[in-house]
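3D model of this:
(chains A and B)
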Protein chains: 2
Amino acid sequence: MEKVSISAGKLKGISRLVDREGKFRMLAIDQRGSLQKMLADATGKDKSSIGYADMTMAKRLVTSVLSSYFSATLMDPEFGVPESLKYLSKNSALLLATEKSGTESAGYKGREKKTHLLEGWSVEKIKKVGADAVKLLLYYRPDSTLEIKEYQENIVKSLGQECKKYDLPFVLEPVGYAFKDDEPSTDSSEYAKKKPEIVIGIAREFSKKEYGVDILKLEFPVNLKFVKEFHKGYFDKKEREEVYSIKDAEDACREITKTSTVPWVILSAGVDIEEFVYNVKIASNNGASGFLAGRAVWKDFTAYYPNEDDMRAWLLTSGVENYMKIYEASKRATPYFEHKQFRSFASIMLEKAGEDWYKEY
Amino acid sequence: MEKVSISAGKLKGISRLVDREGKFRMLAIDQRGSLQKMLADATGKDKSSIGYADMTMAKRLVTSVLSSYFSATLMDPEFGVPESLKYLSKNSALLLATEKSGTESAGYKGREKKTHLLEGWSVEKIKKVGADAVKLLLYYRPDSTLEIKEYQENIVKSLGQECKKYDLPFVLEPVGYAFKDDEPSTDSSEYAKKKPEIVIGIAREFSKKEYGVDILKLEFPVNLKFVKEFHKGYFDKKEREEVYSIKDAEDACREITKTSTVPWVILSAGVDIEEFVYNVKIASNNGASGFLAGRAVWKDFTAYYPNEDDMRAWLLTSGVENYMKIYEASKRATPYFEHKQFRSFASIMLEKAGEDWYKEY
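Numbering: from 1, shown residues only, chains lettered A, B, ... in the order given. I've put the predicted structure just below:
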């Protein structure tokens, strides 16, 4: 059998990120700005009233209750690690975010976005903590202005090199956004029509070897709220234009699977759990290797803020229930080792195998 | 409550090494010289007839069948990692050995031992692989000649510093040996009488902060074959002098617990499973935090070499049974977080906690 080689650190990391089925069933609790806003909304206060202790408490609760269910947990270094690290379940791998929360407005009419890495933080430090993977959230449009495109691509390239140096898996999360004159918002039929092309274009771009990406964390390639079966307000009681069918969603997922040279997982982007279950199911049935789910899993617990007991109670019941739903929905996800990159578990071998590998490593 | 601070990497590593009970229930399959000898003995051939592929096959079998039972697995970089890494259970942490197999004869009448680190291998590389801890086997006598004592101690100190730099837990395994004129062998009543003092002296020495040790992997402090209850050949049909009682064994374990400033675990040193179960039980009931068990768990599978199917069948049945026995025997082991170093789970906090920890880390 033909062998596929991989470095020791990348293999160790990827093996940790998946569950016993070889599928990525991962939890994201690295939200910063969006979590702050949710906690503020729960009390009707201003965002600035939510302080450091509120943020760390919320993250600690999610990690301590939910991490044992998920094959891996994504944290941020600012509000996550200090209080949550000791509550991370032994069986949940650790991913750490590299980007600064928020983006810089730039480019076309100041509507494009530049990503910045968090200052004072690095892949070297992520490795030092003992994390299993590095994650970068990147706002990106394949059709943005050249300046912004290159700027964003260069961040990915340099982070890819760092991940190679420290032999850590690199999880890239490139997310599209609306910025053109004919795109009122991402929740518009104009943007919905472009979404499959944007997400597939993203998968194509960051599949290139020069970026050094190991796992792509992608948006669902259509907006289900504009799908024939759901456009009449099925998810949020708001009627929208009919832009596509379920079959278009399936086709787009299959196109990503065909295009991506690395395993891909689906992100939740703040949609409600019901919609996310459809996302996970359609993606998993069409080649995705699992999910990295954030707000869809836990967001409703913020409604109980600042009552810690009630927040915990919600996570222990509805939070766990949400995990169960997306676990079920991802039953047909492709194990990482069956992805075309690896072909099969039996094919995988260390890059520097043999008697002297450790001298050359 | 008073807090106890620990660095992020050490906390992450230690949390991974233990099981859900907070106890170290670890497997060692980093044997090199001794495994080669066992495989040779099984076929009646010379040690040199056992090649690289034989060694890697044996290690791969143990890792793939048994690692899922143990909270962590100790491998060597030479014969272990290249073939076994992908078979390591996701839920078993990874420890990697640093020493070269065997020792250099030196010191008093050439009977003392000098340890050498494996050339071309380093703590930096152990970190790069993504391992959770570093292990060093060190032959050591608190009462050896000054030259050898200092030489051995310096190795520990420099490795301790490397582990601090790369923020990895350091598991030190200091093992006594016979070298004085009045010590025919470790299996003599003369050595048996000294053993408690040697092991307790070792615990005292390497508890000093300057070594940077996080976990001590220790020999059982008496030789049970010389205990009143067992000396008439209970374990191996060979009668020996009565040197001590079970109570002496318990007292010696309690003395280690009192002396050691870090959690300690018991090693198996090639004794049979029956004797090891007593070791684990007495140690666990008197302050040990678990075990790092090697040959006692798997050694009899070598009798089936080179028949891979039979070797695997033995591991799947008797190997698993041996795990169950020592799991039971370690029921009263002290969780790492209840060790006096940490006091309680609630006391543990990151060394650099607070909003800016990641900048200073």
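
can you pull the residues of the stretch 251-361 of chain A lying near chain B?
Residues of the stretch 251-361 of chain A lying near chain B by CB under 8 Å from any CB of the partner chain: A:345, A:348-350, A:353-359, A:361. In short, each C-beta sits where N, CA and C put it, glycine included.

how about 10 Å then?
Residues of the stretch 251-361 of chain A lying near chain B by CB under 10 Å from any CB of the partner chain: A:337, A:345-346, A:348-350, A:352-361.

so where do the helices sit in chain A?
A:8-17, A:33-43, A:52-66, A:81-84, A:123-129, A:146-165, A:189-206, A:246-259, A:273-284, A:295-298, A:308-314, A:320-329, A:357-360 (DSSP state H).

say whether chain B is contacted by the fourth one.
So the one you mean is helix A:81-84. Yes: applying CB under 10 Å from any CB, one finds helix A:81-84 touching chain B at A:81-83.

export only the CA atoms of that helix, formatted as CSV.
What follows is helix A:81-84, C-alpha atoms only, in CSV (Å, rounded to 0.1, in the frame of the first residue of the first chain):
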residue,chain,number,x,y,z
VAL,A,81,-6.8,30.0,29.4
PRO,A,82,-6.2,31.6,32.8
GLU,A,83,-9.4,30.4,34.4
SER,A,84,-10.5,27.6,32.2
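
hmm, back to that, generate a ChimeraX selection restricted to the buried subset of the residues of the stretch 251-361 of chain A next to chain B.
The following ChimeraX line selects those of those that are buried, judged by 16 or more other CB atoms under 10 Å in any protein chain shown:
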select /A:337,348,349,350,357,358,361
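
okay, the residues of helix A:81-84 next to chain B in a markdown table with pLDDT next?
Shown next, in a markdown table, are the residues of helix A:81-84 next to chain B (pLDDT from 0 to 100):
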| residue | pLDDT |
| --- | --- |
| A:Val81 | 96 |
| A:Pro82 | 94 |
| A:Glu83 | 94 |
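
Serialize the helices of chain A to a markdown table and add fields for distance to A:Lys217.
Below are the helices of chain A laid out as a markdown table (distance: least, CB to CB, whole Å):
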| stretch | distance to A:Lys217 |
| --- | --- |
| helix A:8-17 | 11 |
| helix A:33-43 | 16 |
| helix A:52-66 | 18 |
| helix A:81-84 | 20 |
| helix A:123-129 | 16 |
| helix A:146-165 | 13 |
| helix A:189-206 | 10 |
| helix A:246-259 | 12 |
| helix A:273-284 | 11 |
| helix A:295-298 | 14 |
| helix A:308-314 | 26 |
| helix A:320-329 | 15 |
| helix A:357-360 | 31 |
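
for the closest residue to chain B within the stretch 101-250 of chain A, which non-adjacent residue is closest in space?
As assessed by CB to the nearest CB, chain B sits closest to A:Gly120 within the stretch 101-250 of chain A, at 3.4 Å. In this structure, A:Gly120 finds its nearest non-sequential neighbour in B:Lys359, 3.4 Å apart by CB to CB, 6 or more residues apart in numbering or on different chains.

could I get the contacting residues of A:Glu360?
Applying CB atoms under 10 Å, 6 or more residues apart in numbering or on different chains to A:Glu360 gives the contacts A:351-352, A:354, B:120.

what's the distance between it and B:Ile266?
36 Å (CB to CB, to the nearest Å).

can you check A:Ser5 too?
For A:Ser5, the distance to B:Ile266 - CB to CB - is 39 Å.

these two: who's more crowded?
The residue with more neighbours, out of A:Ser5 and B:Ile266, is B:Ile266; 31 against 12, by other CB atoms under 10 Å in any protein chain shown.

would you confirm that A:Gly287 contacts A:His339?
Yes: the criterion here is CB atoms under 10 Å, and A:Gly287 meets it with A:His339 at 8.5 Å.

please enumerate the shared neighbours of the two.
Counting by CB under 10 Å, 6+ apart, the residues touching both A:Gly287 and A:His339 are A:257, A:260, A:263-264.

now intersect those with the strands, please.
Of the positions in those, A:Trp264 sit in strands, assigned by DSSP state E.

can you tell me which of the shared contacts of A:Gly287 and A:His339 lies closest to chain B?
So of the shared contacts of A:Gly287 and A:His339, ranked by how close each gets to chain B (CB to the nearest CB), first place is A:Pro263, at 15.7 Å.

what sits closest to that closest one if chain neighbours are left out?
A:Pro263's closest residue in space is A:Ser289 (CB to CB, 6+ apart), at 4.0 Å.

surely that neighbour meets A:Val171?
No: between A:Ser289 and A:Val171 there is no contact under CB under 10 Å: 11.6 Å.

if I look at these two, which residues touch both of them?
With CB under 10 Å, 6+ apart, A:Ser289 and A:Val171 have common neighbours A:17, A:24, A:215-216, A:262-263, A:265.

in a markdown table, list the residues you listed along with neighbour count.
Formatted as a markdown table, these follow (neighbours: other CB atoms under 10 Å in any protein chain shown):
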| residue | neighbour count |
| --- | --- |
| A:Leu17 | 29 |
| A:Phe24 | 30 |
| A:Ile215 | 28 |
| A:Leu216 | 27 |
| A:Val262 | 24 |
| A:Pro263 | 30 |
| A:Val265 | 27 |
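
is it possible to export these to TSV including pLDDT and distance to B:Ser71?
As requested, the shared contacts of A:Ser289 and A:Val171 are exported to TSV (pLDDT from 0 to 100; distance: CB to CB, whole Å):
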residue	pLDDT	distance to B:Ser71
A:Leu17	98	19
A:Phe24	98	23
A:Ile215	98	27
A:Leu216	98	32
A:Val262	98	31
A:Pro263	98	28
A:Val265	98	28
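
so which of those residues comes closest to A:Tyr87?
Closest approach to A:Tyr87 among these (CB to CB): A:Leu17, at 18.9 Å.

so that closest one sits against A:Lys217, correct?
No: counting by CB under 10 Å, A:Leu17 stays clear of A:Lys217, with 11.3 Å between them.

what is in contact with those two at once?
Common neighbours of A:Leu17 and A:Lys217, using CB under 10 Å, 6+ apart, are A:24, A:26, A:95, A:171, A:265, A:292.

widest-spaced pair of those residues?
Going by CB to CB, the pair spanning the shared contacts of A:Leu17 and A:Lys217 furthest: A:Leu95 and A:Val265, at 11.3 Å.

now the common contact residues for the two.
Common neighbours of A:Leu95 and A:Val265 (criterion: CB under 10 Å, 6+ apart): A:17, A:26, A:171, A:215, A:217, A:292.

farthest pair in these?
Largest separation among the shared contacts of A:Leu95 and A:Val265 by CB to CB: A:Leu17 and A:Lys217, giving 11.3 Å.

alongside chain B, which residues does the stretch 101-250 of chain A contribute?
Residues of the stretch 101-250 of chain A found near chain B (CB under 10 Å from any CB) are A:118-122, A:124-133, A:165-169.

just the buried ones from the residues you listed?
By 16+ other CB under 10 Å, these give A:118, A:121-122, A:125-133, A:166-169 as buried.

ok, the contacts of A:Glu360 vs B:Ser68, which is closest?
For the contacts of A:Glu360, the nearest to B:Ser68 is A:Glu351 (25.1 Å; CB to CB).

give the contact list for the closest one.
Counting by CB under 10 Å, 6+ apart, A:Glu351 makes contact with A:4-11, A:167, A:357, A:360-361.

ok, so of those residues, who is nearest A:Phe276?
After measuring the contacts of A:Glu351 against A:Phe276 - CB to CB - the closest member comes out as A:Lys10, at 28.5 Å.

close enough to count as contact, the closest one and A:Asp214?
Yes: if you go by CB under 10 Å, A:Lys10 and A:Asp214 touch, sitting 6.2 Å apart.

spit out the residues that contact those two alike.
In terms of CB under 10 Å, 6+ apart, A:Lys10 and A:Asp214 are both contacted by the residues A:133, A:163-164, A:168-170.

among the shared contacts of A:Ser289 and A:Val171, which one lies nearest to A:Lys45?
The closest of these, once distances to A:Lys45 are taken by CB to CB, is A:Val265, at 34.6 Å.

sorry, back to before: how many other residues sit next to the residue nearest to A:Pro263?
Neighbour count for A:Ser289, taken as other CB under 10 Å: 29.
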